[in-house]
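In: with the input below, show me the fold.
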Amino acid sequence: MTAVIELAGLRKAYNQGTPVETEVLHGIDLRLEEGEFAALIGPSGSGKSTLLNLIGLLERPTGGRLSVGGRDTARISEAELTALRGRSIGFVFQFHHLLPAFTALENVMMPTIIARGVADEEAEADALALLDAVGLKAHAYKKPAQLSGGQQQRVAIARALALRPRLILADEPTGNLDTHTADEIFALLRAFNRDSRCACLIVTHDPRLAARCDRIVRLVDGRIAEDRAVPSL
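Out: The predicted model follows:
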């Protein structure tokens, strides 16, 4: 089976060639298969955000290999990289980053509009179906300021799924929410993971949520210190 993502000896350094050059990631080996639901944990400064940026094709590594869907990303242009990111990866962040001037429906439609260059009836119907799936169809025409924090994060999840990506990257998606709402958001991600077989990599500081994943990857000082399956309950 082709991995959704595969990292081999991945390294990342900043300020290369200068006296303050700093390597943040020191040879990361990681493979994530279709349908996997993994937690990425580790102390602040361990390199989690940098690793997520590399996997999300927001930055390029300075060493090693990163493949997405079997494609070696070092061999493709910036334009191809942007297209691959938009087509294959959905992002959910701690802060939803919804566009405040647009409705929930328009926010969910945005990835499709960018990909197709047009807002058509099919895109609208698909966005409404996603809002329905996250329990917000009745709020489709409200703007973010009219929604609660949990509702805004639900819209962000629907937006991340708009193009049916093979991989969801979630950076502390519940970190700004109360425990009950965090559990609801986590359950939504789990449901989409089961239903669509998309792989999910979730950065979290919440040990309760990490324990409910299938796998835990622990990063310490830019290296993977632990990579283990979570026993089924």
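
In: how far away is residue 186 from residue 153?
Out: 11 Å (C-beta to C-beta, to the nearest Å). Every residue, glycine included, has its C-beta placed from N, CA and C.

In: with neighbour numbers in mind, choose between the two.
Out: residue 153 (27 against 21; other C-beta atoms under 10 Å).

In: which residues do residue 186 and residue 153 both contact?
Out: Common neighbours of residue 186 and residue 153, counting by C-beta atoms under 8 Å, 6 or more residues apart in numbering, are 173, 174.

In: can you check which helix is longest in the chain?
Out: helix 179-196 (DSSP state H).

In: residue contacts, the residue nearest to the spatial centre of the chain?
Out: For the chain, residue 169 is the residue whose C-alpha lies nearest the centre (C-alpha atoms, centre = their mean; 1.3 Å). Each residue near residue 169 by C-beta under 8 Å, 6+ apart is listed here: 52, 55, 56, 89, 90, 91, 92, 201.

In: looking at those, spot the one nearest residue 176.
Out: residue 92 (11.8 Å; C-beta to C-beta).

In: for that closest one, name its beta-bridge partners.
Out: residue 170 (DSSP bridges).

In: give me the pLDDT for it.
Out: Note on residue 92: pLDDT of 82.

In: returning to what we had before: other residues contacting the longest helix of the chain?
Out: By C-beta under 8 Å, 6+ apart, helix 179-196 touches 35, 37, 92, 133-134, 149-150, 153-154, 157, 161, 164, 168, 170, 173-174, 177, 198-200, 202, 206, 209, 212.

In: give me the subset of the residues you listed lying in helices.
Out: Mapping these onto helices (DSSP H) picks out 133, 149, 150, 153, 154, 157, 209.

In: considering the residues you listed, which is situated nearest to residue 68?
Out: Ranked by distance to residue 68 (C-beta to C-beta), the ones in helices among the contacts of helix 179-196 are led by residue 157 at 20.9 Å.

In: thought the closest one was touching residue 134?
Out: Yes - counting by C-beta atoms under 8 Å, residue 157 touches residue 134, with 5.9 Å between them.

In: so where do the strands sit in the chain?
Out: For the chain, the strands defined by DSSP state E cover 5-14, 22-32, 37-41, 63-68, 71-72, 89-93, 167-171, 199-203, 215-220, 223-229.

In: ok, of those strands, where does mean pLDDT dip lowest?
Out: Among those, strand 89-93 scores lowest, at a mean of 83.
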